[in-house]
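Participant: predicted model, plus sequence, below.
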Amino acid sequence: MKALIFEGTLELREVPVPALAAGEALIRVSMAGVCGTDREILRGYAGFRGILGHEFVGRVVECANQEWVGQRVVGEINITCGRCAQCQRGLGRHCPNRTVMGIANRPGCFAEYVALPCSNLHVVPDSISDEAAVFAEPVAAAAEILEQLLLPPGQRVAILGDGRLGLLIAQVLRYAGQEVTLIGKHDWKLELARAWGAAVSKNSEADFKPASFPMVVEATGTPRGLEEGVRLVEPRGTVVLKSTFHVPANLDVTKVVVDEITLLGSRCGNFSVALDLLCKGYVRVEPLVTKVFPLEAGVEAFEYLEQTPCLKVLLAVHTA
Ligand SMILES: [Zn+2]
Ligand SMILES: [Zn+2]
């Protein structure tokens, strides 16, 4: 099969179709999404080598459990041991023995086929298109905030970063009844958020005094966003950290202590919540798709992302 492999450089190569371990399903990938994490991996994040990619939708073509065969599915990206203390607590996403598809010790989905444990799979309702289903992972990551925090209705929240994740978080928090201000750099991205009912700002330093928000979500993808988040948050407020970097961030820890700020790391979320939000139309993702490339043009897709202002690039793998 064809696969996009990163081993210091990114290449399209011919590799064997994955062999199935017990309890796994073989999925014929229909569509995959390129994410900021993939681009960070190309810059050295996580030290990953192998088939890239962790956002996909596809159809199960082989599985010992026949009920899965033929199902259109998306898949949770953490593959857990099921036996450790974290797994026993239902926190498999924190299993110390886990592998992560396309990120840590496990081949990814920028390939014609990918293997995953059946326990990771979620059937996609027919009403969700392939283009939208690919967003299950980032929508789940956005909705993870709702699982971690009980948000009082009508609370003012600033979101830093008008990238794909920031725009998804803006929609999820609007759905949760929050009064959202999206702070970004790009008029065309901020316009999307404005249409969804968010207030927007292009210059938070000029527009907002220090301690302007009880909650700030940092989704800029750069370490600088964290400093601005700590500046904007009120004493006793919460800064939710969504970005992963390949370099350490600078942070005024004294301010965090003196103002008793809660820093809350937030990563992957629950796919069933994401599919529900997509199915009911509370989160709209189609406006975020900038361009679709065939898998064979995967290297060009990454070059395009470096050069073009865009939100989401998808890879079409099997179209029928
Ligand atoms: Zn991702
Ligand atoms: Zn475990």
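Facilitator: In hand now; what should we look at? Residues are numbered from 1 along each chain as shown. Ligands and ions are numbered 1, 2, ... in the order given.

Participant: find the residue closest to residue 172 in space, skipping its chain neighbours.
Facilitator: Once flanking residues are discounted, residue 172 sits nearest to residue 142: 4.5 Å by CB to CB, 6 or more residues apart in numbering. Any C-beta I mention is one placed from the backbone N, CA and C, and that applies to glycine too.

Participant: for that neighbour, helix, strand, or coil?
Facilitator: Here residue 142 is recorded as helix under DSSP: H, G, I helix; E, B strand; the rest coil.

Participant: quick check: it touching residue 169?
Facilitator: Yes: with contact defined as CB atoms under 8 Å, residue 142 reaches residue 169; the gap is 4.5 Å.

Participant: how near is the residue nearest to residue 172 to ligand 2?
Facilitator: From residue 142 over to ligand 2 the distance is 25 Å, taken as CB to the ion, to the nearest Å.

Participant: that residue: what's it in contact with?
Facilitator: Residues near residue 142 by CB atoms under 8 Å, 6 or more residues apart in numbering: 165, 168-169, 171-172, 269, 274, 283.

Participant: neighbours around the residue in the stretch 201-320 of the chain that ligand 1 sits nearest to, how many?
Facilitator: Here the residue of the stretch 201-320 of the chain nearest ligand 1 is residue 268; by CB to the ion that distance is 8.8 Å. As a burial measure, residue 268 scores 17 neighbours (other CB atoms under 10 Å).

Participant: ok, it touching residue 141?
Facilitator: Yes: between residue 268 and residue 141 there is a contact under CB under 8 Å: 5.6 Å.

Participant: what segments of the stretch 1-150 of the chain are strands?
Facilitator: Using DSSP state E, counting those that start in this stretch, the strands found in the stretch 1-150 of the chain span residues 2-6, 10-14, 24-34, 50-51, 55-63, 72-75, 78-79, 99-100, 113-117, 121-123.

Participant: turn those into a markdown table, including mean pLDDT, distance to residue 191 and mean neighbour count.
Facilitator: Below are these laid out as a markdown table (pLDDT from 0 to 100; distance: least, CB to CB, whole Å; neighbours: other CB atoms under 10 Å):
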| stretch | mean pLDDT | distance to residue 191 | mean neighbour count |
| --- | --- | --- | --- |
| strand 2-6 | 98 | 32 | 23 |
| strand 10-14 | 97 | 32 | 13 |
| strand 24-34 | 98 | 22 | 24 |
| strand 50-51 | 98 | 36 | 20 |
| strand 55-63 | 98 | 25 | 23 |
| strand 72-75 | 98 | 29 | 24 |
| strand 78-79 | 94 | 35 | 22 |
| strand 99-100 | 96 | 34 | 17 |
| strand 113-117 | 98 | 35 | 23 |
| strand 121-123 | 98 | 32 | 18 |
